[in-house]
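Participant: what follows is a protein structure lacking sequence information:
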């Protein structure tokens with residue numbers, strides 16, 4: 001793992017060494033509100049598909065929400081997100097009768 005992350009050690013004979021840093025899980029919630037969630041969940045428990053964040057059909061998405069989307073749009077597409085202060089990640093649905101729904105995302109579990 002040459003050239004990777006490293007740490008100073010408490011061992012006087014070894015000033016530093018490379019350290020292994022586990023990859024984060026992306027398809028689970030680290031916090032209850034899930035503002036950090038960047039997984040690819042795009043349906044609800046009820047099976048509704050989510051509307052893309054860059055679409056205006058069937059629901060117009062307020063610019064205050066779309067302006068909070070950081071990174072390339074390919075990271076968001078129609079995936080669950082919590083761009084505000086909602087209880088957990090959610091998305092607009094493609095169902096004209098149901099504007100939005102929360103996502104069914106499990107909490108992360110330490111491995």
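Facilitator: In hand now; what should we look at? Fair warning: this is a prediction, and the values are worked out from it, not measured in the lab.
Participant: what sits against the residue lying closest to residue 8 once chain neighbours are set aside?
Facilitator: Closest residue in space to residue 8, ignoring its immediate chain neighbours: residue 16 at 5.2 Å, by CB to CB, 6 or more residues apart in numbering. No exception for glycine: its C-beta is placed from N, CA and C like everyone else's. Counting by CB atoms under 8 Å, 6 or more residues apart in numbering, residue 16 makes contact with 6-9.
Participant: in this structure, which spans are strands?
Facilitator: 6-8, 16-18, 90-92, 100-102 (DSSP state E).
Participant: out of those strands, flag the one nearest residue 61.
Facilitator: strand 90-92 (6.1 Å; CB to CB).
Participant: what's the average pLDDT for the closest one?
Facilitator: On average, the pLDDT along strand 90-92 is 91.
Participant: who touches it?
Facilitator: Contacts of strand 90-92 (CB under 8 Å, 6+ apart): 42, 50-51, 53, 59, 61, 78-82, 99-103.
Participant: check stretch 50-70 too.
Facilitator: For stretch 50-70, using CB under 8 Å, 6+ apart, the contacting residues are 42-44, 73, 76-81, 83-84, 91-96, 99-101.
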